[in-house]
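> Below are the sequence and a predicted model; questions follow.
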Amino acid sequence: MKLLPKNAASRAFGAFTRLNIPPFTRWARSAFARYYKLNMAESEYPLSHYKNIGELFIRRLKPGARIIDNAEVVSPVDGVLSQTGTFDGGMQTLIQTKGKLYELKDLLRDDEMATRFDGGAFATIYLAPFNYHRIHSPVKGDLVDASYCPGTLWPVNAGSVERVEGLFCINERLTSHIRLQDGSEILVVKVGATNVGRIGVVYSDDLLVNAGKLDRSKKRLDWQPASNFHFEKGDELGRFEMGSTVILIVDKKIRERHPNLFKSRLGKAVKVGEAL
């Protein structure tokens, strides 16, 4: 994997998933659905509607397929909540896996932004290939800004998480910064992975990761909305075009209101809209 040009290979694989060459792409789509045992009963359309793997992967759900809980913070994705923790005593360390840690400032590539989340908490949610891969807002609030951190595209499966130091700090990522009505804040960090690696957001077509649109020469690219973007809990925020991971970062205000936030769901499967 070290020698593989992961970003280029992922773009090539992404182009393959978006091909429309019947009957081959229909066969590939159906084989993908069978292999990963996709739950098409909850999808917006039947399997035959999707022309290729790419369309199938970013399928939407039927209306009402996910119930949005009354809790202040809900899951933005379907996946497994693999790690959680808090930022106490001036430490802003996140757990990648047992024995491997990384720093919030390295994840965000912004020391000032990291300090704003002193006393807060984090949760890491891993999405497997069979999961629904659209991302939704975990809170009711307004988009403040967004940032893109260029990087590579290592896999984010258990093996890579255990082997690759600072995996989430070196993979490409796109962060949405949302402010709640009382001024508290949350970051939704979307981490790319091998094979496609594209991440899109509803608030800007220009912020499309690993599609050749973004300047990769800078350490971090900051983006400001030209108009207000308000999200209700459960509103669509973006999508993964193949696998990956979401890391939620909440500030001290949210953590103080919900001291047990994330803890009861650690190690468990979660779905969009479920209380965390």
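Alright, I've got the coordinates. Quick caveat, the model's predicted, so the values are computed rather than measured.
> which stretches of the stretch 51-200 of the chain form helices?
53-57, 104-108, 111-115, 158-163, 167-170 (DSSP state H, counting those that start in this stretch).
> Buried residues, stretch 39-52. List them.
Residues of stretch 39-52 classed as buried: Met40, Ser43, Leu47, Tyr50, Lys51, Asn52 (neighbour count, 16 or more other CB atoms under 10 Å). Where you see a C-beta, it was placed from the backbone N, CA and C, and this is true even at glycine.
> since we're on Asn70, how many residues are nearby?
Counted with other CB atoms under 10 Å, residues neighbouring Asn70 total 7.
> For the nearest residue to it once chain neighbours are set aside, list each beta-bridge partner.
Closest residue to Asn70 apart from its sequence neighbours, by CB to CB, 6 or more residues apart in numbering: Ala275 at 7.8 Å. Beta-bridge partners for Ala275, by DSSP bridges, are Val74.
> Show me where the stretch 51-200 of the chain has its strands.
Using DSSP state E, counting those that start in this stretch, the strands of the stretch 51-200 of the chain run over 79-86, 93-97, 100-103, 121-127, 134-136, 141-149, 173-179, 185-191, 198-201.
> quick one on the thing from earlier: could you dump the buried residues of stretch 39-52 to CSV with distance to Arg220 and pLDDT?
Output for the buried residues of stretch 39-52, formatted as CSV (distance: CB to CB, whole Å; pLDDT from 0 to 100):
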residue, distance to Arg220, pLDDT
Met40, 39, 95
Ser43, 36, 97
Leu47, 40, 95
Tyr50, 35, 93
Lys51, 36, 89
Asn52, 33, 89
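> Dump those to a markdown table, plus distance to Lys98.
Shown next, in a markdown table, are those (distance: CB to CB, whole Å):
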| residue | distance to Lys98 |
| --- | --- |
| Met40 | 36 |
| Ser43 | 36 |
| Leu47 | 39 |
| Tyr50 | 38 |
| Lys51 | 42 |
| Asn52 | 38 |
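> residue ranges with poor pLDDT in the stretch 151-276 of the chain?
195-197, 243 (pLDDT under 70).
> let's see it at 80
Scanning the stretch 151-276 of the chain for pLDDT under 80 picks out 153-155, 157, 159, 194-197, 210-212, 242-243.
> Name the nearest residue to Pro150, ignoring sequence neighbours.
Arg216 (4.0 Å).
> Now do that neighbour against Tyr148, distance only.
According to CB to CB, to the nearest Å, Arg216 and Tyr148 sit 9 Å apart.
> neighbour-wise, which of the two wins?
Legend: neighbour count by other CB under 10 Å for Arg216 and Tyr148, higher for Tyr148 (24 against 14).
> related to what we said a few turns ago, looking at the strands of the stretch 51-200 of the chain, which is closest to Ala114?
strand 100-103 (7.7 Å; CB to CB).
> Would you mind pulling the contact partners of the closest one?
Gln92, Thr93, Leu94, Ile95, Gln96, Ala114, Val161, Glu162, Glu165, Gly166, Phe168, Cys169 (CB atoms under 8 Å, 6 or more residues apart in numbering).
> please redo it, this time with the cut-off set to 6 Å
Thr93, Leu94, Gln96, Gly166, Cys169 (CB atoms under 6 Å, 6 or more residues apart in numbering).
> Stretch 82-97 now?
Contacts of stretch 82-97 (CB under 6 Å, 6+ apart): 101-102, 104, 114, 118, 120-124, 126, 161-162, 262, 266.
> Perfect, that will be all.
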